[in-house]
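Q: need coordinates for the below:
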Amino acid sequence: MSKGQLIDSIRQYNVTAQPQFLAQFDEEALKQYLEHLEGARQKHLRSAGISAAKQPKFRMVS
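A: Next up is the predicted model:
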C-alpha cells in the first residue's frame, strides 16, 4: 500500500485524523497504526456480539 492509500484507510477508521498530520509519519508507522485500528475494530465487534448474545430474551405472555 502506498502512503496515500494507508492514510485513506486510516481515515476510514479515524475520521478525525487529518491527512496533513498523518503525512508526517513514514509508511511503516502508518501501517502499524492501521493494523492497530483494525485490531481494535475486530475486538469491538467481537465484544459487541458477545454482549448482545447475553441479553435476556423476552417473550409475550397472555
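Q: please make it C-alpha for all contacts and neighbour counts, starting now.
A: Will do.
Q: what about the spatially most central residue of the chain, which helix or strand?
A: The residue lying closest to the centre of the chain (C-alpha atoms, centre = their mean) is Arg41, at 3.6 Å. Counting by DSSP states H and E, the element that carries Arg41 is helix 27-53.
Q: could I get the average pLDDT for that helix?
A: Confidence over helix 27-53 (mean pLDDT, whole number) is 81.
Q: cool, and stretch 2-11?
A: 97.
Q: grab the nearest non-local neighbour of Ile10.
A: Leu34 (5.5 Å; C-alpha to C-alpha, 6 or more residues apart in numbering).
Q: Gln18: neighbour count?
A: 12 (other C-alpha atoms under 10 Å).
Q: what do you get for the one 10 residues further on?
A: By other C-alpha under 10 Å, 11 other residues sit near Glu28.
Q: so the nearest residue to Gln18 once chain neighbours are set aside: helix, strand or coil?
A: Spatially, and ignoring its direct neighbours in sequence, Gln18 is nearest to Arg11 (7.9 Å; C-alpha to C-alpha, 6+ apart). What DSSP: H, G, I helix; E, B strand; the rest coil gives for Arg11 is helix.
Q: check the one 4 residues further on too.
A: Three-state call for Val15 (three-state DSSP): coil.
Q: give me the phi and psi for it.
A: Backbone torsions of Val15, given as degrees, to the nearest 10, read phi -70, psi -20.
Q: for Met1, see how far away the residue nearest to Gln18 is.
A: To Met1, Arg11 is 14 Å away according to C-alpha to C-alpha, to the nearest Å.
Q: surely the residue nearest to Gln18 touches Gln20?
A: No - the pair Arg11 / Gln20 is not scored as a contact, 11.7 Å apart, by C-alpha atoms under 8 Å.
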